[in-house]
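# Provide a 3D model corresponding to the input given below.
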Amino acid sequence: MTIVRNIQVKLDITKENHSTVDATFEEFQRVTEPVIDYGWSNDPDDIITNKNQLNEATYREIREDSPLTGGHVQSARNLAANALSNGKRLLEDRKSTSKPGFKGTVVTYNSNTITYNDDHCTLSTVDGRIRAEYVFPHEDMGTPFEEYWNENEWVKKEATLHKRDGEYYLHVAVDHVGDTNSSDDSTENGVVLGVDLNVDGYLAVTSTGAFLGNANELNHKRDEYERRRGDLQQTGTRSAHLTIQSIGDRFAEWSRHRLHNVSNDIIQEAIEHDCTYIAFERLTYVWTRISNASKFQQWAFRKLQRQVEYKAEEYNIGVEKVAPQYTSQRCSLGECGYIHNHNRDSDKFECLKCGKKLHADYNAARNVAWRLVQNWLKSGSGRATGQLALKSGVVNANGHFRPTALRS
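Next comes the predicted model:
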């Protein structure tokens with residue numbers, strides 16, 4: 001039987017990050033409000049407490065309007081769902097209560113939004129991840145802290161971040177596993193699916209060799225829509241204006257449907273290869289690399305990533321963004337890694353050093369996954385056993401390949 005304890009550790013967060021953390025408190029509170037509003041009623045029979053129903057009704061709109069990660073939006077929804085359940089029980093017991101609300105000084109964290117390390121943790125915020133040092137109690141205080149913090153016997157799980165008197169505290173749930181060989185795969189290591197996005201050819205290519213969607217088809221449909229809209233605008237009649245609205249709605253729905261198909265395929269690839277993380281390039285960097293990326297393509301990339309984020313959460317798969325520098329020029333062969341701008345020629349990649357030949361987008365997708373695994377190593381995140389998923393197996397950060405048939 002698993003024994004659970006809750007322990008508190010003070011955090012030392014640099015002053016320049018205080019405003020970011022405080023903004024995260026406020027935003028986390030803000031995104032609970034539409035969930036509460038949707039689910040609340042003064043009649044207990046009408047209160048909605050089902051998390052799936054609340055998620056379906058509120059997640060997309062909140063996620064598109066919030067700088068929080070999908071993991072935090074889901075955590076806020078869970079907090080709101082629990083509050084709705086408590087209110088429902090009180091009303092059923094004929095006790096007086098009002099619509100729940102939250103103070104802006106608590107944020108809940110799960111395996112996708114916090115990473116535990118020996119002397120610090122990294123926390124997801126409204127402005128990316130920040131580092132927070134642990135402030136351990138003095139040994140002569142006689143507290144059981146050290147016993148529970150021992151990872152050989154206790155595994156750190158979910159946590160809540162609090163602020164009291166200007167100081168930050170992390171309340172961590174720890175499980176006694178009883179088996180020193182046990183580990184939480186979602187925090188201690190991970191298998192990464194890399195995804196490369198393109199403005200032409202295949203819309204998305206994965207490190208497992210899946211070529212998904214048709215960017216050219218999206219662009220062609222967009223060009224057709226823009227041409228028809230231009231012709232109708234020149235007509236200038238009320239009928240033409242209504243037709244513009246109609247064809248615009250149809251094109252938007254068609255585009256969303258195509259993107260949903262691709263995002264579903266990405267999730268399926270991650271599931272089939274036992275991936276715990278999906279890695280994309282950060283879009284803010286992609287636009288500087290792809291000079292001809294139109295506003296429509298930018299919208300499509302952003303929409304696709306968000307669809308993958310909220311769908312991945314259902315399977316407890318994390319979604320991370322990495323810097324894309326040299327992903328198209330670097331040889332993704334583990335023991336090579338040679339970078340040269342002549343390695344790539346259109347959709348063909350041939351390493352000038354080791355001679356490795358790959359589809360260029362497939363090579364880039366492998367490098368996207370590599371970047372996340374290597375980021376874990378550099379940050380000391382405890383995921384040194386992280387691996388990237390390939391067509392026929394996985395390879396770890398040291399370049400050691402393990403074929404699918406031998407995976408457990």
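# Show me the helices in the protein, by range?
Under the criterion DSSP state H, the chain contains helices at 18-39, 51-65, 70-92, 145-149, 185-188, 215-235, 238-272, 283-289, 295-313, 360-379.
# Tell me which of the ones you listed approaches Asn112 most closely.
Smallest distance to Asn112 across those (CB to CB): 3.8 Å, for helix 70-92. Where C-beta positions appear, they are placed from N, C-alpha and C, glycine not excepted.
# Now do the closest one against helix 51-65, angle only.
Angle of helix 70-92 versus helix 51-65, following axes from the mean of the first three to the mean of the last three CA atoms, to 10 degrees, is 130 degrees.
# How far away from the center of its chain is helix 70-92?
How far helix 70-92 lies from its chain's middle: 22 Å, per CA atoms, centre = their mean, to the nearest Å.
# Please identify the deepest-packed of the helices of the chain.
helix 360-379 (a mean of 23; mean count of other CB atoms under 10 Å).
# for that one, the distance to its chain's centre please.
Mean C-alpha position of helix 360-379 versus that of the full chain (CA atoms, centre = their mean) differs by 16 Å.
# Please apply the same query to stretch 331-347.
Taking mean C-alpha positions (CA atoms, centre = their mean), stretch 331-347 and its chain are 27 Å apart.
# And stretch 345-359, by the same measure?
30 Å.
# which other residues reach it?
Applying CB atoms under 8 Å, 6 or more residues apart in numbering, the set of residues contacting stretch 345-359 from outside is 201, 205, 211, 331-333, 336, 338, 340, 342-343, 360-363, 366.
# What is the linear distance spanned by that stretch between its boundary residues?
For stretch 345-359, the separation between the terminal residues is 10 Å (CA to CA, to the nearest Å).
# before we move on, back to that, okay if I get the helices of the chain as CSV plus distance to Arg5?
Shown next, in CSV, are the helices of the chain (distance: least, CB to CB, whole Å):
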stretch, distance to Arg5
helix 18-39, 25
helix 51-65, 26
helix 70-92, 20
helix 145-149, 5
helix 185-188, 17
helix 215-235, 51
helix 238-272, 33
helix 283-289, 41
helix 295-313, 27
helix 360-379, 27
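# residue ranges with poor pLDDT in the stretch 251-400 of the chain?
The model of the stretch 251-400 of the chain has pLDDT under 70 over residues 284-295, 377-386, 390-400.
# Which residue is the nearest non-sequential neighbour of Thr97?
Closest residue to Thr97 apart from its sequence neighbours, by CB to CB, 6 or more residues apart in numbering: Leu90 at 4.3 Å.
# I'd like the distance between the one you found and Asn42.
As defined by CB to CB, to the nearest Å, Leu90 lies at a distance of 12 Å from Asn42.
# do Val135 as well
As judged by CB to CB, Val135 and Asn42 stand 45 Å apart.
# Now do Arg164: how many residues are near it, please.
9 (other CB atoms under 10 Å).
# per-residue pLDDT, it?
With respect to pLDDT, Arg164 scores 89.
# Contacts only, for it.
Contacts were defined as CB under 8 Å, 6+ apart; by that measure Arg164 touches Thr105.
# Quickly list what it is bridged to.
Counting by DSSP bridges, Arg164 is bridged to Glu167.
# Quick check: of the contacts of stretch 345-359, which lies closest to Trp154?
Of all the contacts of stretch 345-359, the one sitting nearest Trp154 is Arg366; the distance, using CB to CB, is 36.0 Å.
# Nearest spatial neighbour of the closest one, chain-adjacent residues omitted?
Excluding its sequence neighbours, the residue lying closest to Arg366 (CB to CB, 6+ apart) is Ser332, at 3.6 Å.
# One more: Asn198?
Spatial nearest neighbour of Asn198, chain neighbours left out: Ala215 (5.4 Å); criterion: CB to CB, 6+ apart.
# From Ser255, how far off is that neighbour?
Using CB to CB, Ala215 is found at 12 Å from Ser255.
# and what of Val107?
Val107 is 34 Å from Ser255, by CB to CB.
# mind listing what's buried in stretch 117-132?
For stretch 117-132, a neighbour-count test (16 or more other CB atoms under 10 Å) marks 120-126, 129-132 as buried.
# Tell me which two of these sit farthest apart.
Taking CB to CB, the two most distant members of the buried residues of stretch 117-132 are His120 and Val126; they sit 19.8 Å apart.
# Nearest approach to Leu161 belongs to which of the helices of the chain?
Leu161 lies closest, by CB to CB, to one member of these: helix 18-39, at 7.6 Å.
# so what secondary structure elements neighbour the closest one?
Judged by 3 or more CB pairs under 8 Å, 6 or more residues apart in numbering; DSSP states H and E, the packing partners of helix 18-39 are helix 51-65, helix 70-92, strand 106-109, strand 120-125, strand 154-164.
# can you list the residues that contact the third one?
Contacts with strand 106-109, where a contact means CB under 8 Å, 6+ apart, come from 24-25, 28, 72, 75-76, 78-79, 123-124, 158-162.
# would you turn the buried residues of stretch 117-132 into JSON lines with distance to Asn261 and pLDDT?
Compiled in JSON lines, those are given as follows (distance: CB to CB, whole Å; pLDDT from 0 to 100):
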{"residue": "His120", "distance to Asn261": "41", "pLDDT": "90"}
{"residue": "Cys121", "distance to Asn261": "37", "pLDDT": "91"}
{"residue": "Thr122", "distance to Asn261": "34", "pLDDT": "93"}
{"residue": "Leu123", "distance to Asn261": "34", "pLDDT": "93"}
{"residue": "Ser124", "distance to Asn261": "29", "pLDDT": "92"}
{"residue": "Thr125", "distance to Asn261": "33", "pLDDT": "94"}
{"residue": "Val126", "distance to Asn261": "31", "pLDDT": "93"}
{"residue": "Arg129", "distance to Asn261": "31", "pLDDT": "91"}
{"residue": "Ile130", "distance to Asn261": "36", "pLDDT": "93"}
{"residue": "Arg131", "distance to Asn261": "38", "pLDDT": "94"}
{"residue": "Ala132", "distance to Asn261": "40", "pLDDT": "94"}
